[in-house]
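Prediction below, plus the sequence it came from.
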Amino acid sequence: MSKLIPLYTPYSMKNELKTAQCKWDKINRYWVANTRILTKHPELQKYAQKPSKSYFNIPFEQKDEFKAVGGKWDGEIRKWYLMSFEEVPEQFLKYTVEIEDDWADAL
């Protein structure tokens with residue numbers, strides 16, 4: 001029996017994951033794939049790594065534009081972020097900030 005590997009993907013990939021024959025783990029609430037699926041669909045391999053957050057100091061006037069590309073608000077740190085599997089649009093790169101990642105194990 002093949003080992004199931006968790007995939008850390010955005011919800012918007014649901015149909016693509018179903019097409020690739022990935023399965024939804026109802027208990028842990030994430031998608032899983034075996035090594036055969038990941039070999040057949042190498043574009044999914046980047047989701048087998050636990051994602052991290054990239055933080056940004058987004059000006060209030062640009063918050064809606066940042067949200068439209070997948071940006072989310074972290075209320076504890078009080079910064080905007082994108083997950084590592086999401087591409088950062090060039091216009092937001094200048095707002096990147098470094099945050100201590102003591103919280104990373106809590107993901």
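Noted; the coordinates are in hand. Numbers count the residues shown, from 1 in each chain.

Show me how the record splits this structure into domains.
Here the domain assignment for the chain is 5-48, 53-106, based on automatic domain parsing.

Pipe those into JSON lines and attach mean neighbour count and mean pLDDT per row.
C-beta coordinates here come from the backbone N, C-alpha and C atoms, glycine included. Output for these, formatted as JSON lines (neighbours: other CB atoms under 10 Å; pLDDT from 0 to 100):
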{"stretch": "domain 5-48", "mean neighbour count": "14", "mean pLDDT": "91"}
{"stretch": "domain 53-106", "mean neighbour count": "13", "mean pLDDT": "85"}
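
What segments of this protein are strands?
Along the chain, counting by DSSP state E, strands occupy 5-7, 23-25, 30-33, 53-56, 72-74, 79-83, 96-97.

Distance to Lys40 for those - can I get that in TSV?
Listed next are the strands of the chain as TSV, based on distance: least, CB to CB, whole Å:
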stretch	distance to Lys40
strand 5-7	13
strand 23-25	15
strand 30-33	9
strand 53-56	29
strand 72-74	31
strand 79-83	24
strand 96-97	35
